[in-house]
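In: Starting from these lines, generate the structure:
(2 chains)
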Amino acid sequence: MSSDAPAINGECERHGACEDGQLALEHPEDQLIMHLERDQTVAETSIPVPRAALGARAVAGLWALRVFVVIVSIMVIYTFVDQLH
Amino acid sequence: MAAPEAVASPLLGAPALTDEDAARSHDRSRVHRARRQRKRWYLLWLLVGPGILAMLGENDGPSMIAYASDGAQYGLGFFVPFIPILFVMAYVCQEMCMRVGAVTHRGYGELVLQRYGRVWGWFGAADLTVTNLVTLVAEFVAMRVGLAYFHLGSGVAVALGLVLVMFTLSGGRYWRWERIVLGMALFNGLFLLAAILVKPHVGALVSSFDFTPFPGGSFNTLLLLLASTIGATVTPWMIFFQQSASADKGMTPGDVNHGRYDTAVGAVLAAVFGIGALVAGAALLSHDGSGIQGFAGAGFPEALEHVAGPAAGTVFALGLIEAGAVAILTISASTAYAAGECVGASHSFNSSPRSAAVFYAANIAVALLAAVVIVIPGAPLLSIALNANVLATVLLPVSLVLMIMLANDKQLMGSWANKRSTNAIGIAVIAFVGVCGAAYGIDSFLQAIHLLGS
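Out: Below is the predicted model of the structure:
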């Protein structure tokens, strides 16, 4: 752990206006824990982000992408195996 | 995800902190101090890394041999302007990766898995593992080609590659890993030195910017050239690597501009060094590419020695060793990030091997597996190497589509989401890559089943 790590400091730290260890609780979303933003700590990044709600067009596009990938992959693998012979 | 060795924070309401947090916080303290003291160049020095590593990592052994082969067979025309265009495309893609990593603090693999479901998450990881494995085989072969110039065998290539992987992993810190690999990557400039040593005709170099002469040959050959050159510039591992490395480095939205400089500098260096390999190869054009025999231009350093002297051959051989070695480190790292992210295990160079066993094991295992392949007698190395870039190109549109979706995700990115102009360029890049890759895949398949003549 960094010996010069502040306890908590906030947005003012980012702009160089406050000293290490100062609290900036007016903007909790910008709060720093040690020198990390709250949302970059392991505890926070361990929480999964929610599943995206995709529209019908996006879902159809992703299905088309799946079909494209499967077909082209089969072709490349076949060509690769054919080259082995 | 496991949060190993967490210690309770003394701060009210603050999350428990891990050793990984502490190490990252230490790096960030220097960034904050540099920013506070307005030390611009020092701040830039602290924040560069993932972009340069992704770009120079992709100037790997097979890519540099591909550029040199292009030069030896077709000369400078077309490729001198085409390579910078490809790196502009690479910049557009990699800037998105860096921005998503800095804003979300999460890797590409885990975001795809969590936002778009297990099918795409695991497909991306499997796609990456397969293409990385075949590419790593080609990297070891490139090192072997370079070492062969100094009368050293494949055993030395395997030992050197694996020792480098183990050595760079041994520190337990992202910063240490990044700086070692960054230092090694700068030796990619050896290809520029090789170009200078062959004494190119400056007038011919300048006049080649008009895209002529266009490469001749069959339609399939042209598609192969396009697919393999694109595959030498933009690949799935770069996407995984730069996003995960940006998050692992601890970049934040406030660092995005520096991340852009990092990526742009990497793109410029990679384009210049790639053109260097092309120019060095073009020295063999008047000799009909003679001396380049067998797999992957194994005779390049010797051929250059005959044409431009021993210094050119030596520098090119050293360049191949460097290009292979750096790519082994970055590609193994991208595999490790993807493995850790997809199984939900700790995935950081800032974690200890005990805390991030999957990450470290995947990093070593993929390099070890590739090393084993190249020492198997009779292994189809030629076919593996030829198909590595093409397979990466064919599967690249999937990674790019999901990347552009992530970069447009307002819930994740907020005001950092893509602008219309970025989307327009990104979609054009995906279309170009998709058409070239699919066209080559289909054309080769039709030839393989004898529905089309070669």
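In: For chain A, just list every one of the helices.
Out: A:11-14, A:42-45, A:56-84 (DSSP state H).
In: most tightly surrounded among the ones you listed?
Out: helix A:42-45 (a mean of 21; mean count of other Cβ atoms under 10 Å in any protein chain shown). C-beta: built from backbone N, CA, C; applies to glycine.
In: Against B:Q114, how distant is B:P301?
Out: Distance, B:P301 to B:Q114, using Cβ to Cβ, to the nearest Å: 47 Å.
In: And these two? Which one has more around it.
Out: Neighbour totals were compared for B:P301 and B:Q114, and B:P301 leads with 26 against 20 (other Cβ atoms under 10 Å in any protein chain shown).
In: ok, B:M143 touching B:L320?
Out: Yes - assessed by Cβ atoms under 8 Å, B:M143 is found in contact with B:L320 at 7.0 Å.
In: which one of those two has more residues nearby?
Out: When B:M143 and B:L320 are compared on other Cβ under 10 Å, the one with more neighbours turns out to be B:L320, at 34 against 28.
In: list the contacts for that one?
Out: With contact taken as Cβ atoms under 8 Å, 6 or more residues apart in numbering or on different chains, B:L320 is in contact with B:61, B:64-65, B:142-143, B:145-146, B:300-301.
In: what do you get if the cut-off is 10 Å, keeping everything else the same?
Out: B:60-62, B:64-65, B:68, B:139, B:141-149, B:190-191, B:194, B:277, B:296-297, B:300-301 (Cβ atoms under 10 Å, 6 or more residues apart in numbering or on different chains).
In: Likewise for B:Y360?
Out: With contacts defined as Cβ under 10 Å, 6+ apart, B:Y360 is in contact with B:166, B:169, B:172, B:336, B:340, B:346-347, B:349, B:351-354.
In: where does it land in three-state SS?
Out: Under the three-state scheme (DSSP: H, G, I helix; E, B strand; the rest coil), B:Y360 adopts helix.
In: do the one 3 residues further on as well
Out: Judged by three-state DSSP, the three-state class of B:N363 is helix.
In: Need the nearest residue in space to it, chain neighbours excluded.
Out: Nearest residue to B:N363, sequence neighbours excluded (Cβ to Cβ, 6 or more residues apart in numbering or on different chains): B:A336, at 3.7 Å.
In: how far away is the one you found from chain A?
Out: With distances taken as Cβ to the nearest Cβ, to the nearest Å, B:A336 is found 17 Å from chain A.
In: That residue against B:S351, yeah?
Out: No - assessed by Cβ atoms under 10 Å, B:A336 is found out of contact with B:S351, at 11.0 Å.
In: Tell me the residues that contact both of those two, please.
Out: B:359-360.
In: out of the contacts of B:Y360, which are buried?
Out: B:169, B:172, B:336, B:340, B:346-347, B:349, B:351-352 (16 or more other Cβ atoms under 10 Å in any protein chain shown).
In: any idea which of those residues is the one closest to chain A?
Out: B:S346 (7.6 Å; Cβ to the nearest Cβ).
In: and that closest one, which of the three is it?
Out: With three-state DSSP as the criterion, B:S346 reads coil.
In: cool, the one 3 residues further on as well?
Out: Per three-state DSSP, the secondary structure class of B:F349 is coil.
In: who touches it in this structure?
Out: Counted by Cβ under 10 Å, 6+ apart, B:F349 has contacts B:20, B:23-24, B:168-169, B:171-178, B:245, B:248-249, B:333, B:336-337, B:356, B:359-360, B:363.
In: Repeat that for B:V279.
Out: Taking Cβ under 10 Å, 6+ apart, one finds B:67-68, B:71, B:76, B:79-80, B:191-192, B:194-196, B:198-201, B:204-205, B:208 in contact with B:V279.
In: same thing with B:W177?
Out: B:49, B:53, B:167-171, B:245, B:248, B:329, B:333, B:349-350.
In: re earlier: looking at the contacts of B:V279, which are in strands?
Out: Nothing among the contacts of B:V279 maps onto strands, per DSSP state E.
In: Now list the buried members of those.
Out: For the contacts of B:V279, buried by 16+ other Cβ under 10 Å: B:67-68, B:71, B:76, B:79-80, B:191-192, B:194-195, B:198, B:200, B:205, B:208.
In: For the nearest residue to B:A270 once chain neighbours are set aside, report the pLDDT, please.
Out: Excluding its sequence neighbours, the residue lying closest to B:A270 (Cβ to Cβ, 6+ apart) is B:M55, at 4.0 Å. Model confidence at B:M55, given as pLDDT, is 96.
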